[in-house]
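[1] With the input below, show me the fold.
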Amino acid sequence: MRKIIASAATAAAAAAVIGGAGLAAASTHGVSGTEHFQLMTTSATSPTSSIIASGVFTAPGVDHSGNKVDTVDFPGGSFKIAHSNGTGTQHFDPKTCLMTISQHGTYKLLAGTGKYAGISGSGKYQFTALGIGARSGGKCTQSKPPVAWHQVINASGPVSLP
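    The predicted structure is shown next:
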């Protein structure tokens, strides 16, 4: 379970930093400002997550998590997010099977394509997860995926679209 939690935390943290299914309008190009990203998922094991971006552009997207770099796909383009491993706290209660994770880190946007060609930016993220571990033989186990999982990542930072 610790490996699952660590993998989910790292993947989710990375995913949180990107978003956007397309730019609101062509006039969005040539602008910069603060971009906010929110990622949510209810799966500790899925390699994809849903993301919403708002700020310089507003759009939904799908994040494909990677070890150190995620790829976000949107209608009209994509970009990559290089992210740090999260640092923070993890706790697993062996009596109730409740697990909590709170981590933070940094990210950088790069390698945009289509509408996102030339995108640049960086920022900080906050990752939180609440899960309920599986039971085996009546006892909590960390060797199986959680039976319930709620994960939210909030991130923000400056972004520029040429």
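[2] residues in contact with residue 140?
    Under the criterion of CB atoms under 8 Å, 6 or more residues apart in numbering, the contact list for residue 140 reads 92-97, 133-134. C-beta: built from backbone N, CA, C; applies to glycine.
[3] and those, which of them are in helices?
    Residues from these lying in helices, with DSSP state H as the criterion: none.
[4] Please pick the buried ones from those.
    92, 97, 133-134 (16 or more other CB atoms under 10 Å).
[5] give me the low-pLDDT residue ranges for the protein?
    Confidence mapping of the chain against pLDDT under 70 gives the ranges 1-29.
[6] circling back: counting only strands, which of the buried ones among the contacts of residue 140 make the cut?
    In strands, defined here by DSSP state E, the members of the buried ones among the contacts of residue 140 are residue 92.
[7] With distance to residue 57 as extra columns, can I get the buried ones among the contacts of residue 140 in CSV?
    Putting those into CSV (distance: CB to CB, whole Å) gives the following:
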residue, distance to residue 57
92, 38
97, 40
133, 38
134, 40
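[8] sorry, back to before: closest one of the contacts of residue 140 to residue 67?
    residue 92 (22.9 Å; CB to CB).
[9] ok, the residue nearest to that closest one when sequence neighbours are not counted - contacts?
    Excluding its sequence neighbours, the residue lying closest to residue 92 (CB to CB, 6 or more residues apart in numbering) is residue 99, at 4.6 Å. Neighbouring residues of residue 99 by CB under 8 Å, 6+ apart: 1, 5, 90-93, 129-133, 146.
[10] mind checking how far residue 99 is from residue 159?
    Look at residue 99 and residue 159: by CB to CB, to the nearest Å, they are 33 Å apart.
[11] now swap in residue 55 and tell me
    Shown here: residue 55 relative to residue 159, a distance of 7 Å by CB to CB.
[12] Quick check: neighbours shared by these two?
    33-35.
[13] Narrow those residues to just the buried residues.
    residue 35.
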